[in-house]
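Engineer: For reference, the sequence and a predicted model appear below.
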Amino acid sequence: MDGIETPRLIYLMLLLVAVGFWVFVQNRQGLGKTVQQLAIWAFIFLGVIAGYGLWDDIRSTVQPQQVVMRDEGRVDVPRARDGHYYLTVDVNDVPVQFLVDTGASAVVLNEEDARRVGLNPDDLAYLGRARTANGEVRTALAKVDSMSLGGITDRNISLSVNEGQMDQSLLGMDYLQRWSSIEIRNGSLILTR
């Protein structure tokens, strides 16, 4: 704490003591009621903090996940709250969450996911160009040994690695065309082989 913060802290402490003394003096007759109301507000405050801290756990429990029906060769993907479809595909046996993008021609990994599946983005030749909503970016062609979804494994898959900033890897038409049917019905994306 520097010299400027110390006087502020002292001022705030004195202000808190003064307000607390005033509340105590004004509510001498109903001190029990005041303590009860303070306890209620403290529990409300703790409940809000607990809800905020556990929000990710609550959301993942309530939000539906992709369903794989192996007997039928079908994968049902519920639409996310943001209106998009997300699929978790095992790339080289590493789970990668993709944004399903029918407007993308290729499977595109961001640099972080590329590293996770065993590709080194620093060793790739970024010779390609792609136009995105954020402008033009350089891309590099790469191959992965396998992509698995719903018990169905495709081998020796070509894809691109994006050199630019990209939050989410994209699952484009090069992969989606491998499925015999792509359908959107009742808020779900249904892939069938």
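Structural biologist: In hand now; what should we look at? Numbers count the residues shown, from 1 in each chain.

Engineer: CA only for contacts and neighbour counts going forward, please
Structural biologist: Will do.

Engineer: Which positions within stretch 118-125 qualify as buried?
Structural biologist: 119, 121 (16 or more other C-alpha atoms under 10 Å).

Engineer: What are the contacting residues of it?
Structural biologist: 92, 111, 114, 115, 140, 141, 142, 161, 163 (C-alpha atoms under 8 Å, 6 or more residues apart in numbering).

Engineer: Run the chain-centre distance for it.
Structural biologist: 24 Å (C-alpha atoms, centre = their mean, to the nearest Å).

Engineer: okay, that stretch in CSV with CA atoms only?
Structural biologist: The C-alpha trace of stretch 118-125 is given here as CSV (Å, rounded to 0.1, in the frame of the first residue of the first chain):
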residue,chain,number,x,y,z
GLY,A,118,0.5,-32.9,-32.0
LEU,A,119,1.1,-30.3,-34.7
ASN,A,120,3.7,-27.7,-34.2
PRO,A,121,2.4,-24.4,-35.7
ASP,A,122,5.9,-22.9,-35.7
ASP,A,123,7.1,-25.6,-38.2
LEU,A,124,4.2,-25.1,-40.6
ALA,A,125,4.5,-23.2,-43.9
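
Engineer: What about residue 81, how many residues nearby?
Structural biologist: 8 (other C-alpha atoms under 10 Å).

Engineer: How about the secondary structure of it?
Structural biologist: Secondary structure of residue 81, reduced to three states by DSSP: H, G, I helix; E, B strand; the rest coil: coil.

Engineer: backbone phi and psi for it, please?
Structural biologist: phi -60, psi -30 (degrees, to the nearest 10).

Engineer: State the pLDDT value of it.
Structural biologist: Predicted confidence (pLDDT) for residue 81: 83.

Engineer: Would you map the helices across this protein?
Structural biologist: Under the criterion DSSP state H, helices of the chain are mapped to 5-26, 31-53, 55-62, 111-116, 173-176.

Engineer: mind listing what's buried in the last one?
Structural biologist: If I follow you right, that is helix 173-176. 173, 175, 176.

Engineer: low pLDDT regions in the chain?
Structural biologist: 1-4, 28-29, 31, 55-71, 133-134 (pLDDT under 70).

Engineer: and it, what are its domains?
Structural biologist: As assigned by automatic domain parsing, the chain contains the domains 5-59, 64-192.

Engineer: hey, which of those is tucked in deepest?
Structural biologist: domain 64-192 (a mean of 16; mean count of other C-alpha atoms under 10 Å).

Engineer: How far does stretch 111-122 sit from its chain's centre?
Structural biologist: 19 Å.

Engineer: my read: residue 128 touches residue 136, true?
Structural biologist: No - the criterion here is C-alpha atoms under 8 Å, and residue 128 misses it with residue 136 at 10.2 Å.

Engineer: Widest-spaced pair of the contacts of stretch 118-125?
Structural biologist: Across these, the longest distance by C-alpha to C-alpha is 20.4 Å; it joins 92 and 163.
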